[in-house]
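Engineer: predicted model and sequence below, questions to follow.
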Amino acid sequence: MADQYAQTGEDSRPTEIPAIRWEEPPEGPVLVLLDQTRLPAEEVELVCTDASALVEAIRSLAVRGAPLLGIAGAYGVALAAVRGFDVDEAANALAGARPTAVNLAVGVRRAQDAHRTEFAKGGDARQAAEAALAAARTLHREDAEASGRMAERGLALLDELLPGGGHRILTHCNTGALVSGGEGTAFAVALAAHRVGRLRRLWVDETRPLLQGARLTAYEAARSGMAYTLLTDNAAGSLFAAGEVDAVLIGADRIAADGSVANKVGSYPLAVLARYHHVPFIVVAPVTTVDLDTPDGASIEVEQRPGHEVTELTAPQVPVAGAEAGGGVPVAPLGTQAYNPAFDVTPPELVTAIVTEEGVVSPVTAEALAALCEKSRQA
Ligand code: MRU
């Protein structure tokens with residue numbers, strides 16, 4: 001059935017999609033973000049001149065996805081430092097802007113530590129700000145490198161698990177260049193398979209309620225020229241039943257010490273489907289997403305989002321007359337209560353493998369994850 005959906009991406013724009021950059025115009029340093037709430041309709045940039053603007057951009061999902069949140073958080077601390085704001089206050093606000101993706105707090109703390117260390121060494125405010133900025137730039141570069149290594153390891157794993165080639169991959173949410181300093185996590189693996197001619201089709205879950213799959217992954221897939229097909233989240237079951245999925249590839253927002261994986265809501269049902277249909281369920285994430293301080297899945301704080309994201313179809317930034325709180329088109333009676341967790345948690349026993357830049361963990365056990373983190377710490 002996959003080949004009957006034979007369209008490939010036809011977007012001729014360049015495949016590089018810089019989601020974030022630091023700029024130093026004469027008026028003072030700024031952080032420039034590609035506003036992801038406006039994609040794919042418009043490529044609009046958001047210019048943040050202080051950490052509070054960045055906090056707002058993080059909450060509204062203008063900037064999003066675990067690795068990119070880490071990079072943004074680190075630059076946010078640097079921005080506060082360079083512009084002479086209270087760095088610890090900015091760091092706390094940034095780290096708390098969204099609770100589930102551990103990379104955000106990790107990125108913030110990394111720049112904050114560099115800032116503090118420079119002061120402790122006797123540096124002045126300018127030197128401390130430079131140290132924070134250098135830490136953010138390093139994190140940005142490391143994430144790009146990690147992305148390349150995850151893609152290599154992930155492709156090797158796919159080839160091992162699916163020796164016939166012609167992979168039909170199902171993915172959820174958005175995990176490409178829009179969430180990374182490089183080409184992303186799960187999407188980077190699919191892209192690597194595409195480049196060597198081994199991706200037959202990328203099945204893209206639309207990812208309700210905010211449509212990161214439809215708006216963002218389809219946008220990335222179109223720009224890469226790969227064969228992709230969009231489906232509603234609830235069409236995945238029949239796709240598995242028809243034997244059309246060879247593997248599931250997703251990213252992660254936090255991986256607990258026991259290997260439980262928090263990712264965009266809808267990932268756990270895919271893991272259950274994958275197990276029932278004997279299809280590998282593969283998580284691709286940098287080591288910075290593994291949080292050994294969170295013991296298990298139940299300890300992961302899952303962000304709850306506003307109900308209007310479910311009760312309305314949101315055309316971001318386009319106010320609709322008569323709309324309720326979010327400015328979108330109502331699809332439920334006014335006043336309807338909604339359950340809107342941003343993420344769900346997949347237990348380790350449903351995860352075939354976790355692919356990181358440092359190595360692949362399979363089977364997923366607490367011991368194997370701890371050993372991987374230790375190897376990464378020593379590298
Ligand atoms: O709410 P979002 O859009 O920030 O959620 C993003 C995801 O769930 C991604 O799958 C996850 O961050 C991994 S990105 C490599």
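Structural biologist: Looks like it arrived, so ask away. Numbers count the residues shown, from 1 in each chain.

Engineer: C-alpha only now, for contacts and for neighbours.
Structural biologist: OK.

Engineer: so where's this protein uncertain?
Structural biologist: Applying pLDDT under 70 to the chain picks out residues 1-16, 315-326.

Engineer: near the ligand, which residues of it?
Structural biologist: Residues of the chain that fall close to the ligand, judged by CA under 6 Å from any ligand atom: 64-67, 173-175, 179, 184-185, 251-253, 263-264, 342.

Engineer: and which of these is nearest to Leu369?
Structural biologist: Distance ranking of the residues of the chain next to the ligand against Leu369, using CA to CA, places Ala252 first at 14.4 Å.

Engineer: for the closest one, pull up the helix or strand it's in.
Structural biologist: Counting by DSSP states H and E, no helix or strand carries Ala252.

Engineer: show me the helices in the stretch 101-250 of the chain, by range?
Structural biologist: Applying DSSP state H, counting those that start in this stretch to the stretch 101-250 of the chain gives helices spanning 102-120, 125-161, 186-195, 218-224, 236-241.

Engineer: related to what we said a few turns ago, of the residues of the chain next to the ligand, which is the most crowded?
Structural biologist: The most crowded member of those, judged by other CA atoms under 10 Å, is Thr185 (37 neighbours).

Engineer: who's in contact with that residue?
Structural biologist: Ser147, Met150, Ala151, Thr175, Gly176, Ile250, Gly251, Val284, Ala285, Pro286 (CA atoms under 8 Å, 6 or more residues apart in numbering).

Engineer: and Asn92, by the same measure?
Structural biologist: Taking CA under 8 Å, 6+ apart as the definition, Asn92 has no contacts.

Engineer: ok, the one 3 residues further on next?
Structural biologist: In this structure, Ala95 makes contact with Gly73, Leu104, Ala105, Val108, judged by CA under 8 Å, 6+ apart.

Engineer: quick check: of the residues you listed, which has the highest neighbour count?
Structural biologist: Counting neighbours by other CA under 10 Å, the top entry in the contacts of Ala95 is Gly73, with 33 neighbours.

Engineer: tell me which element that one is part of?
Structural biologist: Taking DSSP H and E as the definition, Gly73 sits inside helix 66-82.

Engineer: what's the neighbour count on Leu372?
Structural biologist: 18.

Engineer: C-alpha coordinates for stretch 296-310, PDB please?
Structural biologist: Output of stretch 296-310 as PDB, limited to C-alpha atoms (Å, rounded to 0.1, in the frame of the first residue of the first chain):
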ATOM      1  CA  ASP A 296      11.300   6.200  36.700                       C
ATOM      2  CA  GLY A 297       8.400   7.100  34.400                       C
ATOM      3  CA  ALA A 298       6.000   7.900  37.300                       C
ATOM      4  CA  SER A 299       8.500  10.600  38.500                       C
ATOM      5  CA  ILE A 300       8.500  12.500  35.200                       C
ATOM      6  CA  GLU A 301       6.500  15.700  35.300                       C
ATOM      7  CA  VAL A 302       4.200  15.800  32.300                       C
ATOM      8  CA  GLU A 303       3.300  19.300  31.200                       C
ATOM      9  CA  GLN A 304      -0.400  20.000  31.000                       C
ATOM     10  CA  ARG A 305      -1.400  22.400  28.300                       C
ATOM     11  CA  PRO A 306      -4.400  24.700  28.100                       C
ATOM     12  CA  GLY A 307      -7.700  23.000  27.100                       C
ATOM     13  CA  HIS A 308      -8.300  25.400  24.200                       C
ATOM     14  CA  GLU A 309      -5.600  23.700  22.300                       C
ATOM     15  CA  VAL A 310      -8.000  20.700  22.100                       C
END
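
Engineer: neighbours of Pro333, how many?
Structural biologist: Pro333: 9 neighbours (other CA under 10 Å).

Engineer: do Gly181 as well
Structural biologist: Residues lying near Gly181 (other CA under 10 Å) number 26.

Engineer: contacting residues for it?
Structural biologist: Pro18, Ala19, Pro67, Leu68, Ile71, His140, Arg141, Asp143, Ala144, Ser147.

Engineer: most neighbours, which of the residues you listed?
Structural biologist: Pro67 (35 neighbours).

Engineer: that residue - nearest residue in space that isn't next to it in sequence?
Structural biologist: Ser180 (5.5 Å; CA to CA, 6 or more residues apart in numbering).

Engineer: do Thr336 as well
Structural biologist: Counting by CA to CA, 6+ apart, Thr336 lies nearest to Thr311, which is 7.0 Å off, once chain neighbours are set aside.

Engineer: so what strands line up beside the host helix or strand of Ala262?
Structural biologist: Using DSSP H and E, Ala262 maps to strand 261-264. Applying DSSP bridges to the sheet, strand 261-264 is found paired with strand 254-256 (antiparallel), strand 343-346 (antiparallel).
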